[in-house]
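Novice: starting from these lines, generate the structure:
(one chain, ligands or ions: 1)
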Amino acid sequence: MINITKIFIDKKTEDEVKKVLLSGFLAQGERVKELERQLCDINRTKYAAVVNSGTAALHTALASLGLKKGDEVITTPFSFIATANTILMCNAKPVFVDIKEGTFNIDPDLIEAKISKKTKAILTVDLYGLSCDYEKIRRIARKHNLKVISDSCQAIGASYMKKPIAKWVDVACFSFYATKNIMMGEGGALVTDNNEIYEFARRFRQHGQDQEKPYIYHHIGYNYRSTDVLASIGLAQIGNLKQWTEKRNQNARRLVTKLKNIPGLVLPESTDGTAHAYHQFTVRITGDFPIKRAELIKYLLENGVRSAVYYPSVIPMQPHIKKITPYKKGMYPVAETLSNQVLSLPVHPFLKNSEIDLMVSLIKKAAK
Ligand SMILES: *Cc1c(COP(=O)(O)O)cnc(C)c1O
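Specialist: Numbering: from 1, shown residues only. Have a look, this model is predicted:
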C-alpha cells in the first residue's frame, strides 16, 4: 500500500529517546530548550516556545494579543478546524475571507472589505505547505494596525521571497503531530521576534507562572508544556528537514511533469517567490474529469494507493461556527467549490519513483 504519510523512526531516534528515558528527567527541560534553539535557527527568529500541540501554539499566539469578547480575527474558511476553534477559545469572533483558486490560501484582495473597528488580527494559514501572499497581507495589516499570526502547522521549512514565513508575521505556529513534515507524535511551537509574545507564551504554557518567581501567576494559563522525551524525537527529526523538504519538492515535480495535460485534473501551482513545503500534493478533480472524485479515491485504493480529502467542507458550515457567524451556501464560493474538488496524493519523502509512476499510470487509466 502506498500511504499518504510515512512515520520515520530510525536508530538515532530510538537512541535519543532512550537517553532521555534513562536520564530520569522526562518533563520539560534541556531537550525542549535545544529544540527551541534549532527552531530559532531554522526560522531565523529570536525566540521559539515549544508547546504540546499546534492547537496549543495557535491558542497561545492568539491569547498573547489580549483579545476580548467581541474582537474579530480575520481568517480562511478552508483549513483544519483548529484554526477557527482557537479564535473561539479566546472569545473572539472568526471573520472568514474566501480563498484564491490557485493557492488554496486566503485571498489578500478580499481582506480589507472584512476589516471593521473590532478587527484585531489576521490569522493566515499556509495550507498544504504553501506560503500565503505575505507582502500584500503585511501591507494591509500595517495600514490597519493589525497583528498577523500564521497557522504554519503544515508549512515548516517553507519560505516566501527567500525568507522563512516567520519573518513576515508577528508570530508563526507549527504542529509536530505524527503526520506533519517534522513530528513528535504530538507537539507544536510558536516562533517570533517579539519579546512580549515570547514571554507571554512561556507563562501561558505553565498556568501564567512568572518565569523567575515560582508560584506567582500573572494571568490564566494552561498546561501546554511539552516533554524532553518528545523533544528528543523532534530533534532527531528536525536535522532532516532540509533534505526531506527537497525530496518532497522532487516528488512534486515528478508528479507535475507526469500528470500534465489531463483534462479535469488541475495541478497545484507553486507561486512566484515561494518555496513550498509540500506537506500535501493537492490536485483538483473538476467536472471535466471522466469519473467523480469519490470514484477515483476508490479506484486508487483498490489498486494500493491511499489518497485523502483535506478538507471535505468549509469551516463556516460547522454547526458550532454557524451559531457565531451565520452561514449560507455560496458565501465562500471558491472555498466551497474547491472543498468538493481537492484530492491529496502521496508526496512524502520516502516514496520511490516507481511508486510515483504507479500512481501516475493509475490516474491516467482512470482519466480515459
Ligand atoms: C495540524 C494542524 C493544526 C493543529 O495541530 P495539532 O498539533 O493537531 O493541534 C492546526 N492547523 C492546521 C492547518 C493543521 O494542519
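
Novice: where do the strands of this protein begin and end?
Specialist: Using DSSP state E, the strands found in the chain span residues 47-51, 72-75, 93-96, 119-125, 147-151, 159-160, 163-164, 171-175, 188-192, 265-266, 274-275, 281-285, 342-345.

Novice: do you know how far the residue in the stretch 1-150 of the chain that the ligand sits nearest to is from residue 167?
Specialist: Closest residue of the stretch 1-150 of the chain to the ligand, Cβ to the nearest ligand atom: residue 54 (2.5 Å). Placement of C-beta: from N, CA and C, glycine included. Computed as Cβ to Cβ, to the nearest Å, the residue 54 to residue 167 distance reads 20 Å.

Novice: what's the answer for residue 127, then?
Specialist: 19 Å.

Novice: who has more neighbours out of those two?
Specialist: Neighbours per residue, other Cβ atoms under 10 Å: of residue 127 and residue 167, the larger number sits with residue 127, 28 against 17.

Novice: grab the nearest non-local neighbour of the more buried one.
Specialist: residue 104 (4.7 Å; Cβ to Cβ, 6 or more residues apart in numbering).

Novice: quickly run through the sheet partners of the lowest-mean-pLDDT helix or strand in the chain, with directions.
Specialist: Using mean pLDDT, DSSP states H and E, the weakest-scoring helix or strand in the chain turns out to be strand 274-275, at a mean of 88. Counting by DSSP bridges, the strands paired with strand 274-275 are strand 159-160 (antiparallel).

Novice: now find how far off-centre the partner strand is within its chain.
Specialist: 14 Å (Cα atoms, centre = their mean, to the nearest Å).

Novice: touching it from outside, list them.
Specialist: If you take Cβ atoms under 8 Å, 6 or more residues apart in numbering as the criterion, strand 159-160 is touched by 131-135, 165, 168, 273-275.

Novice: determine which two of the residues you listed are furthest apart.
Specialist: With Cβ to Cβ as the measure, no two of the contacts of strand 159-160 lie farther apart than 135 and 275, at 15.0 Å.

Novice: the residue lying closest to residue 281 once chain neighbours are set aside: neighbouring residues, count only.
Specialist: Excluding the flanking residues, the one nearest residue 281 by Cβ to Cβ, 6+ apart is residue 347, at 3.6 Å. When neighbours are defined as other Cβ under 10 Å, residue 347 has 26 of them.

Novice: show the model's pLDDT score for residue 347.
Specialist: pLDDT, residue 347: 98.

Novice: wait, doesn't it sit right on residue 255?
Specialist: Yes - under the criterion of Cβ atoms under 8 Å, residue 347 makes contact with residue 255 at 6.9 Å.

Novice: shared neighbours, those two?
Specialist: Common contact partners of residue 347 and residue 255 (Cβ under 8 Å, 6+ apart): residue 281.

Novice: ok so, going back, which phi and psi does the residue nearest to residue 127 have?
Specialist: Per-residue torsions, residue 104: phi 70, psi 0 (degrees, to the nearest 10).

Novice: what's the burial count for it?
Specialist: 26.

Novice: ok, the residue nearest to residue 281 to residue 300 distance?
Specialist: 14 Å.

Novice: what do you get for residue 342?
Specialist: For residue 342, the distance to residue 300 equals 14 Å [Cβ to Cβ].

Novice: higher neighbour count, those two?
Specialist: Between residue 342 and residue 300, counted using other Cβ under 10 Å, residue 342 has the larger neighbour count: 24 against 21.

Novice: for the more buried one, list each beta-bridge partner.
Specialist: In this entry, residue 342 is beta-bridged to residue 284, by DSSP bridges.

Novice: in this structure it contacts residue 286, no?
Specialist: No - using Cβ under 8 Å, residue 342 is not in contact with residue 286; the gap is 10.7 Å.

Novice: between these two, what contacts are shared?
Specialist: By Cβ under 8 Å, 6+ apart, no residue touches both residue 342 and residue 286.

Novice: quick one: mean pLDDT over stretch 125-141.
Specialist: On average, stretch 125-141 scores 98.

Novice: span of that stretch from start to end?
Specialist: 15 Å (Cα to Cα, to the nearest Å).
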